[in-house]
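Okay, here's the prediction I keep looking at, along with the sequence it came from:
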Amino acid sequence: MLRTAADGLAAARLGDSARLRQGQIAVAIGAPFGFQATVTAGVVSALGRTLASRSGRPIEDVIQTDAALNPGNSGGALASSAGEVIGVNTAVIQGAQGICFAIAANTVAFVVGQILRFGAVRRAWLGIAVGTVALPQRVADAAGSAQRTAVMLQSVQAGAPAARAGLRSGDILLALDGVPITGPDALLRRLASDAIGRAMPARLIRGGRFVELALTPAERPARPAVARARHAA
């Protein structure tokens, strides 16, 4: 819940982070180490970075900046020189100089929209635990793909969408919805809210043979009872 201690405050406009370019001015606002209303400045160092969240799900389209961030800056605005909020400060690399990250404004707008509409951010779910596996050259050639890795299903939850589609432990998932699945992060990227309830073709290897199935992800339960492994989706 967000509360303010004064009335009549002007709201900063949420900018379009897709229009950002490297080298633009970036101003970070926060309370590092408890020092209220601190402002630091730098530039947009890079765009389109990916960070892993605490759950392991990748956060896409992250802004990298060299505006100094410290504990207490998280949740504060990253603003442009025009006064628009272009991101929300979120992380630093400890021990590094000037490598800081902010969630892009367009991602923030999407999340806020999901929360206002559904009360939470909706995610698609298959009910599987997976790990990365290397693909031999001959297998990649036979699949007509340049990918060198895929994901192996380590467990499949009974009654989950993957189980209903016929997936089994030991299956190697090569592609989903026509997109190569080179690792757990690539799989999680395909399981956004627009995948819920939509049948997607899946290509996999089972017992040395290529198999085609249709997967229909469901909305991710609040606490899915998925067997623990390296990654769950």
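Structure received.

quick one, helices of this protein?
With DSSP state H as the definition, the chain shows helices at residue ranges 105-118, 137-143, 161-165, 184-190.

Out of these, which gets the lowest mean score?
Per-segment confidence across the helices of the chain bottoms out at helix 137-143, which has a mean of 84 in mean pLDDT.

chain center to that helix, what's the gap?
If you compare the mean C-alpha spot of helix 137-143 with that of the full chain, they lie 29 Å apart, counting by C-alpha atoms, centre = their mean, to the nearest Å.

could you redo the helices of the chain as a markdown table and give each row distance to Met152 and mean neighbour count?
C-beta here means a position set from N, CA and C on the backbone, and glycine is covered the same way. Listed next are the helices of the chain as a markdown table, based on distance: least, C-beta to C-beta, whole Å; neighbours: other C-beta atoms under 10 Å:
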| stretch | distance to Met152 | mean neighbour count |
| --- | --- | --- |
| helix 105-118 | 30 | 14 |
| helix 137-143 | 13 | 13 |
| helix 161-165 | 13 | 19 |
| helix 184-190 | 10 | 20 |
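
export these to a markdown table and tack on distance to Glu84?
Rendered in a markdown table, the data for the helices of the chain read as follows (distance: least, C-beta to C-beta, whole Å):
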| stretch | distance to Glu84 |
| --- | --- |
| helix 105-118 | 8 |
| helix 137-143 | 45 |
| helix 161-165 | 40 |
| helix 184-190 | 27 |
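
Which of those sits closest to Leu174?
For the helices of the chain, distance to Leu174 was read as C-beta to C-beta. The smallest value, 5.8 Å, belongs to helix 137-143.

thought Ser81 was touching Gln24?
Yes. Ser81 is in contact with Gln24 according to C-beta atoms under 8 Å; the separation is 7.4 Å.

Give me the more crowded residue out of the two.
The residue with more neighbours, out of Ser81 and Gln24 and counting by other C-beta atoms under 10 Å, is Gln24; that gives 16 against 10.

The residue nearest to that one when sequence neighbours are not counted: neighbouring residues, count only.
In space, and not counting its chain neighbours, Gln24 is closest to Val44: 4.7 Å by C-beta to C-beta, 6 or more residues apart in numbering. For Val44, the number of neighbouring residues by other C-beta under 10 Å comes to 23.

which residues does Val44 form a beta bridge with?
Thr65 (DSSP bridges).

which residues does it contact?
Applying C-beta atoms under 8 Å, 6 or more residues apart in numbering, one finds that Val44 lies in contact with Leu20, Arg21, Gln22, Gly23, Gln24, Ile25, Ala26, Ile63, Gln64, Thr65, Ile86.

mind giving me the domain ranges of the chain?
Under the assignment automatic domain parsing, the domains of the chain span 17-118, 124-232.

and those domains, which one's lowest on average pLDDT?
Looking at these, the lowest mean pLDDT belongs to domain 124-232 (a mean of 88).

Relative to the whole chain's centre, how far out is that domain?
Centre to centre, stretch against its chain (C-alpha atoms, centre = their mean), the figure for domain 124-232 is 17 Å.

Repeat that for stretch 96-115.
Per C-alpha atoms, centre = their mean, the centroid offset for stretch 96-115 relative to its chain is 11 Å.

So which residues make contact with it?
Residues external to stretch 96-115 that are found in contact with it (C-beta under 8 Å, 6+ apart): 14-18, 20, 26, 28, 42, 45, 49, 51, 59-69, 78, 84-93, 120-122, 193.

Okay then, goodbye and thanks.
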